[in-house]
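Asker: curious how this folds, go ahead:
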Amino acid sequence: MGPRCRYHQRGPGGFTLVEVMFAVTVLAFSVAALTQAVVSGQSQTYEALHASRAVALAEAMIDEILSKPYNDPEGDLLAGPDAGEGSRDLFDNADDYNGLAEAAGAVQDQSGVAYPELYQEFSRTVMATYTTANVPDLGGNFDGLGVSVVVQDQSGRTWTINRFIPEPAS
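Answerer: Have a look, this model is predicted:
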């Protein structure tokens, strides 16, 4: 007699269809949750970057305005550009910026160079008015120029930066 074949039964080998379906379902929900977290994180990052660009545009305009003298060389005390100062490169003091408006797609730096495309979805406006401000840390009221730069995106969201420029002592 030759060798006998023996078959050993070992319990079930592998997974059942129900177990596989359960594992696939758990995996699908896990991937969906992870994808949602990544998309949400990317959206928040984009919004923060968008707001940073808007604030940078407002701060750049404030810096440009602060680089100009307070007093008008012609002695005019009305806020806004004087006759003959029809463009930013001709502005000779801080109050000349009152009423300046740049539409989306036409935002430029101080030299007249357009900002990169990422900044062109914003518009900017400037308001400059002579006012009196109470500055408690300095002990009272001071005359000066209140400047407000408003940056707006195409969806209507706005960012505003305000500065008070005190009148220089005579």
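Asker: show me what contacts Val55?
Answerer: By Cβ atoms under 8 Å, 6 or more residues apart in numbering, the contact set of Val55 is 151, 159, 161. Where you see a C-beta, it was placed from the backbone N, CA and C, and this is true even at glycine.
Asker: ignore what I typed, I meant Met127.
Answerer: 98-99, 147-148, 150.
Asker: go with 10 Å
Answerer: For Met127, the contact set (Cβ atoms under 10 Å, 6 or more residues apart in numbering) comprises 79, 97-100, 146-150, 160, 162.
Asker: likewise Val150?
Answerer: 54, 58, 61, 101, 123-127, 158-162.
Asker: again, only this time at 8 Å
Answerer: Taking Cβ under 8 Å, 6+ apart, we find Val150 in contact with 58, 124-127, 158-160.
Asker: out of the residues you listed, which is most surrounded?
Answerer: Taking other Cβ atoms under 10 Å as the neighbour criterion, Arg124 ranks highest of the contacts of Val150 with 24 neighbours.
Asker: tell me what it is bridged to.
Answerer: Glu102, Val151 (DSSP bridges).
Asker: my guess is it meets Val151, correct?
Answerer: Yes - between Arg124 and Val151 a contact is recorded at 5.3 Å, counting by Cβ atoms under 8 Å.
Asker: anything in contact with each of those two?
Answerer: Counting by Cβ under 8 Å, 6+ apart, the contacts common to Arg124 and Val151 are 57-58.
Asker: so for this protein, the centremost residue is which one?
Answerer: When the chain is reduced to its mean C-alpha position, the nearest residue by Cα atoms, centre = their mean turns out to be Ala51, at 2.0 Å.
Asker: could I get the full set of helices for the protein?
Answerer: 17-66 (DSSP state H).
Asker: out of the helices and strands in it, which is least certain?
Answerer: Across the helices and strands of the chain, mean pLDDT, DSSP states H and E gives its lowest value to helix 17-66, namely a mean of 86.
Asker: give me the distance from that one to the chain's centre.
Answerer: Centroid separation for helix 17-66 versus its chain: 16 Å, with Cα atoms, centre = their mean, to the nearest Å.
Asker: neighbouring contacts of stretch 110-125?
Answerer: Everything outside stretch 110-125 that qualifies as a contact, by Cβ under 8 Å, 6+ apart, is 53-54, 56-58, 60-61, 64, 67, 88-89, 100-109, 149-154.
Asker: buried ones in that stretch?
Answerer: Neighbour-count burial for stretch 110-125, counted by 16 or more other Cβ atoms under 10 Å, picks out 115, 119-125.
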